[in-house]
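Student: please find the sequence and the predicted model below.
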Amino acid sequence: MNTDPSAQRPDPDVAPAGAAPDVAPLRFRQVMGRFATGVAVVTTVADGVDHGMTVNAFTSVSLEPPLVLFCVDRTARFHDMVLDSGLWAVSVLTEGMRDVSRWFATRGHRVDGRLRAWGHRRGAATGAVIFTGAVAALECRTYAVHDGGDHSIVVGEVLDLDTPDPSGKPLLYYEGEYRGISWA
């Protein structure tokens, strides 16, 4: 019997038998699109200017302390704004907020003035925009940032939370399209 611990570890430079072939980005997107997600907008204030981005990579992480995370593309303008600010809010959108999602999903928009089209308030803990029609809202302080390939995984400590529209139905995203939910 070989008791050398190094002999029991796999060689990191050798792919294991049966390893998956290269995964094409388009195919990966198509397959992952089969996982229904909620839709949220993350907002922050940097140098007195509002910034926001639609996300569907958002989830809870921990109860103690209360942590959530979202993922942001490293090339997005929002990436540096939210990391520099360190404070941000998340508004989980309702079915009737597809226009909000689409607008914040399009790169290059300036937020100035556009917020008047949607009911919102400023979070007391962060000063970031929270949409009053959201099914849930959280205000966070950046707790950690992790490498996630071409994205950063931003973990936030929840400072405050609310359910602005507790009777609203959540907006879902599935197979590249917005969907609603029907209650059985």
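Tutor: Sure thing, it's come through.

Student: for the residue most central in space within the chain, name its beta-bridge partners.
Tutor: Centrality entry for the chain: nearest residue to the mean C-alpha point is F70, 3.2 Å, by CA atoms, centre = their mean. Beta-bridge pairing for F70 (DSSP bridges): F58, V154.

Student: separation between it and G96?
Tutor: 22 Å (CB to CB, to the nearest Å). Placement of C-beta: from N, CA and C, glycine included.

Student: is D50 in a helix, a strand, or coil?
Tutor: With DSSP: H, G, I helix; E, B strand; the rest coil as the basis, D50 sits in strand.

Student: I'd say it and R116 touch.
Tutor: No. Counting by CB atoms under 8 Å, R116 is not a contact partner of D50; they are 11.6 Å apart.

Student: so what's the residue nearest to the centre of the chain up against?
Tutor: Contacts for F70 (CB atoms under 8 Å, 6 or more residues apart in numbering) come out as A40, V42, V55, A57, F58, V90, I153, V154, G156.

Student: and the pLDDT at it?
Tutor: pLDDT recorded at F70 is 97.

Student: could you do L87 as well?
Tutor: L87 is assigned a pLDDT of 98 by the prediction.
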